[in-house]
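**Q** coords below, sequence missing:
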């Protein structure tokens, strides 16, 4: 299996922290975030691209999908903060060659005082990565 999740999560975390020093970036669900903006990035699909299987049968390409949730709880400007944090995430993901397939506000059913945006990114990932 082609796995670069830590690479992508670390790159997003560094970029978000540069813009939002108190931000929290995680790759596991946290029901009650301790810091905001809160960015939850997770790999939601990693499937073999069967067209790329060589005769030896070793996986050389995988379809990778990441879903990113950005949360903000500031009293004023929650939507603005979410959009700004999501823009940072978007820049990193595009630098790694991902295409954004979805990005919209999404109801935060657990706590309506926290604004939430969700984005989905996809790419065909070879079994190597070019460092940015």
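**A** That came through fine. None of the values given here were measured: they were computed from a predicted structure.
**Q** contact partners of stretch 1-8?
**A** Defining contact as Cβ atoms under 8 Å, 6 or more residues apart in numbering, one finds that stretch 1-8 is touched by 27, 41, 43, 46, 59, 61-62, 64, 66, 92-93, 96, 125-127, 129. (C-beta placed from N, C-alpha, C; glycine too.)
**Q** which strands and helices sit next to the longest helix anywhere in the chain?
**A** Ranked by residue count, the top helix of the chain under DSSP state H comes out as helix 78-95. The helices and strands touching helix 78-95, judged by 3 or more Cβ pairs under 8 Å, 6 or more residues apart in numbering; DSSP states H and E, are helix 5-19, strand 38-48, strand 61-72, strand 99-105, strand 115-126.
**Q** CSV for those, including distance to residue 31, mean pLDDT and mean neighbour count?
**A** Formatted as CSV, the entries for the helices and strands packed on helix 78-95 read as follows, by distance: least, Cβ to Cβ, whole Å; pLDDT from 0 to 100; neighbours: other Cβ atoms under 10 Å:
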stretch, distance to residue 31, mean pLDDT, mean neighbour count
helix 5-19, 19, 94, 16
strand 38-48, 11, 94, 17
strand 61-72, 12, 94, 21
strand 99-105, 20, 96, 12
strand 115-126, 13, 93, 19
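**Q** make CSV from the ones you listed and add distance to residue 82 to it.
**A** What follows is the helices and strands packed on helix 78-95, written out as CSV (distance: least, Cβ to Cβ, whole Å):
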stretch, distance to residue 82
helix 5-19, 12
strand 38-48, 10
strand 61-72, 5
strand 99-105, 8
strand 115-126, 5
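**Q** so which of the ones you listed is nearest residue 80?
**A** For the helices and strands packed on helix 78-95, distance to residue 80 was read as Cβ to Cβ. The smallest value, 8.3 Å, belongs to strand 61-72.
**Q** neighbouring strands of that closest one in the sheet, and parallel or not?
**A** Strands adjacent to strand 61-72 in the sheet, as given by DSSP bridges, are strand 38-48 (antiparallel), strand 115-126 (antiparallel).
**Q** adding distance to residue 21, write those out as CSV.
**A** Listed next are the strands paired with strand 61-72 as CSV, based on distance: least, Cβ to Cβ, whole Å:
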stretch, distance to residue 21
strand 38-48, 13
strand 115-126, 20
